[in-house]
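Participant: let's see this in three dimensions:
(one chain, ligands or ions: 1)
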Amino acid sequence: MKFSTYQFIAKVTPCCFLFFSFVFTTNAQEPKKRLPIIDVHVHAMGGNPNASPLCPWFLKDMPGSGPNQEPPSFINNDCISPLQPARSDAEMDAAILRANKELNVTMVVSGDAKVIHRWHKAAPDHIIPSLGISNANEMTVEAFRDSLSTGFYKVMGEVAPQYQGMSPSDMSLDEYFGVAEELGIPVGIHMGTGGNGMANITRPKYRASLGQPFLLEDMLARHPKLKIWVMHAGYPMADQMIALMGANAYVYVDLAGFIWSYPLEEIHAYLKRLVQAGFAKRIMYGTDLMMWPELLETSIEVIESANYLSEEQKRDIFFNNAVRFFNLDASKFE
Ligand SMILES: [Zn+2]
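Facilitator: Numbers count the residues shown, from 1 in each chain. So this is what the prediction gives:
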């Protein structure tokens with residue numbers, strides 16, 4: 001709730017708030033710097049005055065519906081304290097900057113290019129720009145190569161052919177993966193769930209079966225030097241995910257999206273399964289942060305509170321695994 005209070009005070013009494021901050025920072029003891037976190041899955045977007053609040057873990061209840069009935073609502077705000085959306089671009093930008101500086105979170109960010117540039121300008125050391133493409137109609141291979149060659153984008157993602165009814169091994173995307181392989185750019189690919197009723201409500205081309213981690217195998221075989229991570233950890237297909245990671249040593253996963261939407265017990269069971277299968281060094285923290293800034297702290301707390309993880313495993317998930325995967329310099333985070 002800290003963020004909502006901040007928003008409220010900043011909006012209602014900006015000058016008093018600034019004064020208060022000044023007094024607070026000069027009198028208080030220097031707060032201990034938080035250990036760094038790398039969030040590998042953030043969507044660049046502005047705020048929205050009409051967005052609905054959101055209850056974390058809302059998919060604990062997925063009622064059925066019928067073709068002639070109202071579709072079930074995609075999100076749910078029927079809980080005691082739903083997370084509030086950022087109501088404007090300025091609110092969203094401020095929340096991201098606060099996460100970068102106060103929570104010491106570095107983010108791999110894809111989405112709205114203007115927003116990525118704005119966030120990167122505000123905190124260049126904490127924003128890692130990522131260029132997503134899910135369909136060859138979005139950009140030619142040449143344009144894609146040119147964009148990556150400028151050096152601004154360090155990552156390719158979120159690649160989400162599943163929403164287009166396509167396998168990640170579809171040949172129409174192959175040349176793009178070839179460019180990423182050639183330039184040594186790591187790639188994040190959406191595999192897995194899309195929420196309750198995705199195929200009926202918003203994305204008629206969406207196919208659950210196209211989220212099977214095994215569908216990556218042909219593409220990986222064609223690009224042996226490509227480094228990919230499976231976004232959403234291929235939830236709920238743990239068996240395939242484990243087999244794929246076993247066969248492909250460069251494949252990592254992130255925990256984004258399902259970490260704040262599915263029932264907590266289910267999230268922990270899935271994460272625990274991947275860890276007990278031996279992959280704690282290949283799991284990266286990701287939020288799937290969208291316009292509800294508190295999703296970040298809500299999701300971080302899921303890992304913090306996982307009593308089956310050692311402190312070392314938590315640090316691996318929050319930081320060390322991403323440093324290794326993205327070839328980052330850990331000393332720059334000190
Ligand atoms: Zn996704």
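Participant: drop to CA atoms for contacts and neighbour counts, all remaining ones
Facilitator: OK.
Participant: check the gap between the residue nearest to residue 50 when sequence neighbours are not counted and residue 35 for me.
Facilitator: Leaving aside its sequence neighbours, residue 50 sits nearest to residue 87 (C-alpha to C-alpha, 6 or more residues apart in numbering; 7.4 Å). As judged by C-alpha to C-alpha, to the nearest Å, residue 87 and residue 35 stand 29 Å apart.
Participant: who has more neighbours, these two?
Facilitator: A side-by-side neighbour count of residue 87 and residue 35, using other C-alpha atoms under 10 Å, places residue 87 first with 18 against 13.
Participant: quick check: the more buried one is in a helix.
Facilitator: No: assignment of residue 87 by DSSP: H, G, I helix; E, B strand; the rest coil gives coil, placing it outside any helix.
Participant: what sits against it?
Facilitator: With contact set as C-alpha atoms under 8 Å, 6 or more residues apart in numbering, residue 87 has these partners: 47, 48, 49, 50, 51.
Participant: closest one of those to residue 194?
Facilitator: For these, the closest approach to residue 194 (C-alpha to C-alpha) belongs to residue 51, at 19.1 Å.
Participant: need the pLDDT of the nearest residue to that closest one once chain neighbours are set aside.
Facilitator: Among residues not flanking residue 51 along the chain, residue 85 sits closest, at 6.2 Å (C-alpha to C-alpha, 6+ apart). If you check residue 85, the pLDDT there is 97.
Participant: if I look at residue 85, how far off is residue 41?
Facilitator: Taking C-alpha to C-alpha, one finds residue 85 at 18 Å from residue 41.
Participant: which of the two has more neighbours?
Facilitator: residue 41 (27 against 23).
Participant: off-centre distance for the helix or strand harbouring the more buried one?
Facilitator: Assigned by DSSP states H and E, residue 41 belongs to strand 37-44. In terms of C-alpha atoms, centre = their mean, to the nearest Å, the centre of strand 37-44 is found 5 Å from the chain centre.
Participant: ok, back up a step: and the furthest pair within the contacts of residue 87?
Facilitator: 47 and 50 (9.0 Å).
Participant: dead centre of this protein: give me the residue that sits there.
Facilitator: Centroid-nearest residue in the chain: residue 41, 2.1 Å away (criterion: C-alpha atoms, centre = their mean).
Participant: list the residues that contact it.
Facilitator: Counted by C-alpha under 8 Å, 6+ apart, residue 41 has contacts 107, 108, 109, 110, 231, 254, 256, 286, 287, 288, 289.
Participant: residue 230 - that's part of a helix, no?
Facilitator: No: looking at residue 230 with three-state DSSP, it is strand, so not inside a helix.
Participant: residue 186 is in contact with that one, correct?
Facilitator: No: using C-alpha atoms under 8 Å, residue 230 is not in contact with residue 186; the gap is 11.1 Å.
Participant: cool, thanks, talk later.
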